[in-house]
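1. whatever this is, show me its structure:
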Amino acid sequence: MFDQAVSPGPLWSDATPIRSELFSLERLEQHAMTLAARQTVIASPPKVSSLHKRLADNARALRQAYHDNADDAASGRPTVPAADWLLDNYHLVEAQIREIRVDLPPGYYRLLPKLQSGPFAGYPRVFGIAWAFVAHTDSHFDAETLRRFLIAYQTVQPLTIGELWAVAITLRIVLVENLRRLTDQMALGRQDRSRADQLADRILAPGGGHPDLLSGAIANPMSELFAAQLAGRLRLLDPDVTPAVGWLSERLATQGASVDSVVRHAQERLGASNVTLRNIITAFRGLSATDWSTLFEDVSLVEAHLRRHPGHARMDFASRNLYRSAVEELSRGSGRSEMQLADMAVTLAANSTRDTPAADPGWHLIDAGRPALERAVGFRPPPRLWLRRLGI
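-> Residues are numbered from 1 along each chain as shown. Below you'll find the model as predicted:
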């Protein structure tokens, strides 16, 4: 479990696809800054339903959606283009879910700063950031766009080392969530079209088209997909011969709609779902192909502060990561910000005698100068580290 499971809440009960106004790159950067100013983290967040449980629910729902659409395809029943994308790429979806489970263990999740309020209260701040990115790009992934989004966010509010490493994971979580919502929408649409076809068969049967026989067979109000499918089946019929055609138009008029409008909206909805689902699948591939080590160092403010020391950038990635991990550990045990600690290490190195070990920030972060730095910042080692130092 990632956190204590409670009632799911409105976040998971909303089945609307994660899709909002599509932003240009410049508008996306502005939104990142607005989001940063609005998001507030809290030390004791409210208890929320487990992300792990939601991921498991999504995995089950997507597996069922795959089998349902595969059955339709095998039986020769028509499928929408979005369903074809799912069928062709379900193996990729399963791989993303497995990767999330491996890369976000409970201990790591607990350390991520959580939001105080809003629709994502109790969830990691980086989860809310990933949700906004997915919503305003229509699930399209571009590494450079993400880099600029994260940089813009941090002009207002810095993100921790752990949060930046979690960006890829939380993007996958949000994309899987969006895919589940789209497949739920597809399932409802399939049911609507099936019910419309059954009703059309009744209407086309001898004596079956009288409006009095239809009143109890149609929900009030009619869904647009149901109405569009029924209209499509009846479009070539003569209203004088089949009164149900005129009845359908009158019934839609009471809902403020028309046959033309429901057909158009249904086509637009199917088109939008197809684009979003295609973007999700393409995003999964893009996430797997991205060099996250490079992207992390491009956006990490801690890395930028450590690079004030002239030798830091010349080290290999593993050595730089060792320094950052020490900064992260010192921050968790002292309550000081990661950037402040990175600055302290660089300043201590700069003030030390040249060509001595102390002239490198690593001497203060991971070597003989570490005890003095710990005392200066009031570091309290966690039990695991304390026991290791005692040799236990």
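
2. now the closest residue to Pro45 other than its chain neighbours: phi and psi?
-> Leaving aside its sequence neighbours, Pro45 sits nearest to Lys114 (CB to CB, 6 or more residues apart in numbering; 3.5 Å). For the C-beta atoms, the positions are set from N, CA and C on the backbone; glycine is no exception. Dihedral pair for Lys114: phi -110, psi 150, per degrees, to the nearest 10.

3. tell me the buried residues in the helix ranked longest in the chain?
-> Criterion DSSP state H: the longest helix present in the chain is helix 167-204. By neighbour count on 16 or more other CB atoms under 10 Å, the buried set for helix 167-204 is 167-183, 185-187, 189-190, 192-193, 195-197, 199-200, 203.

4. what's the answer for stretch 121-133, then?
-> For stretch 121-133, by 16+ other CB under 10 Å, it's 121-133.

5. restrict that stretch to CA atoms and write it as CSV.
-> Provided in CSV are the C-alpha atoms of stretch 121-133 (Å, rounded to 0.1, in the frame of the first residue of the first chain):
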residue,chain,number,x,y,z
ALA,A,121,-5.1,17.1,-1.4
GLY,A,122,-3.2,14.2,0.2
TYR,A,123,-1.5,13.2,-3.0
PRO,A,124,2.0,14.0,-4.1
ARG,A,125,2.6,17.5,-5.5
VAL,A,126,4.3,15.9,-8.5
PHE,A,127,1.1,13.9,-9.2
GLY,A,128,-0.8,17.2,-9.5
ILE,A,129,1.9,18.6,-11.8
ALA,A,130,1.8,15.5,-14.0
TRP,A,131,-2.0,15.7,-14.2
ALA,A,132,-1.9,19.3,-15.3
PHE,A,133,0.7,18.5,-18.0
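
6. pull the residues that contact it.
-> Applying CB atoms under 8 Å, 6 or more residues apart in numbering, the external contacts of stretch 121-133 come out as 3, 11, 18, 28, 31-32, 35, 39, 41, 45-48, 51, 109, 112-115, 118, 120, 146, 149-150, 153, 159, 163-164, 166-167, 170-171, 173-174.

7. state the mean pLDDT of it.
-> Stretch 121-133 comes out with an average pLDDT of 96.

8. where does the protein dip in pLDDT?
-> 1-9, 207-217, 219, 239-241, 383-392 (pLDDT under 70).

9. just the buried residues of stretch 121-133 now: which is nearest Val275?
-> Phe133 (17.0 Å; CB to CB).

10. so what's the residue nearest the centre of the chain up against?
-> Using CA atoms, centre = their mean, the residue of the chain that lies closest to the mean C-alpha position is Val174, 1.7 Å off. Val174 makes contacts with 18, 127, 130-131, 134, as judged by CB under 8 Å, 6+ apart.

11. mind running it again at 7 Å?
-> Listed by CB atoms under 7 Å, 6 or more residues apart in numbering, the contact set of Val174 reads 18, 130-131, 134.

12. so which of the residues you listed is the closest to Pro243?
-> Ile18 (42.9 Å).

13. residues near the residue nearest to Pro45, how many?
-> Using other CB atoms under 10 Å, Lys114 is surrounded by 22 other residues.

14. and what of Glu94?
-> 14.

15. what's the strand or helix carrying it packed up against?
-> For Glu94, the host element (DSSP states H and E) is helix 81-103. Applying 3 or more CB pairs under 7 Å, 6 or more residues apart in numbering; DSSP states H and E, one finds that helix 81-103 contacts helix 51-74, helix 167-204, helix 259-289.

16. could you give the angle of it to helix 167-204?
-> 150 degrees (axes from the mean of the first three to the mean of the last three CA atoms, to 10 degrees).

17. contacts for stretch 281-295?
-> Counting by CB under 7 Å, 6+ apart, 85, 89, 92, 96, 139-141, 143, 147, 168, 171-172, 175, 317 sit against stretch 281-295.

18. tell me which of the helices and strands packed on helix 81-103 lies nearest to Ser300.
-> Distance to Ser300, taken as CB to CB, is lowest for helix 167-204 among the helices and strands packed on helix 81-103, at 10.9 Å.

19. please pull up the helix or strand immediately following the closest one.
-> That would be, after helix 167-204 and using DSSP H and E, helix 224-234.

20. what sits against the residue nearest to Leu111 when sequence neighbours are not counted?
-> Of all residues not flanking Leu111 in the chain, Gly162 sits nearest, at 5.6 Å (CB to CB, 6+ apart). The contact partners of Gly162, taken as CB under 7 Å, 6+ apart, are 111-112, 328.

21. packing partners of the helix or strand hosting Met33?
-> Met33 belongs to helix 25-38 when assigned by DSSP H and E. When contacts are defined as 3+ CB pairs under 7 Å, 6+ apart, helix 25-38 packs onto helix 125-137, helix 143-154.

22. other SSEs contacting the last one?
-> What that stands for is helix 143-154. helix 25-38, helix 125-137, helix 292-299.

23. go with 10 Å
-> helix 25-38, helix 125-137, helix 161-165, helix 167-204, helix 259-289, helix 292-299, helix 301-306 (3 or more CB pairs under 10 Å, 6 or more residues apart in numbering; DSSP states H and E).

24. could you give the angle of that helix to helix 25-38?
-> Relative orientation of helix 143-154 and helix 25-38, computed by the same axes, to 10 degrees: 40 degrees.

25. start the count at 820 instead of 1 going forward.
-> Renumbered: residue one is now 820, and that last one reads helix 962-973.

26. how far off centre is helix 962-973?
-> How far helix 962-973 lies from its chain's middle: 16 Å, per CA atoms, centre = their mean, to the nearest Å.

27. what comes up buried for that helix?
-> Buried, per 16+ other CB under 10 Å, within helix 962-973: 962, 964-969, 971-973.

28. redo these as TSV? Include distance to His1084.
-> Converted to TSV, the buried residues of helix 962-973 look like this (distance: CB to CB, whole Å):
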residue	distance to His1084
Ala962	35
Thr964	30
Leu965	32
Arg966	37
Arg967	35
Phe968	32
Leu969	36
Ala971	35
Tyr972	35
Gln973	40
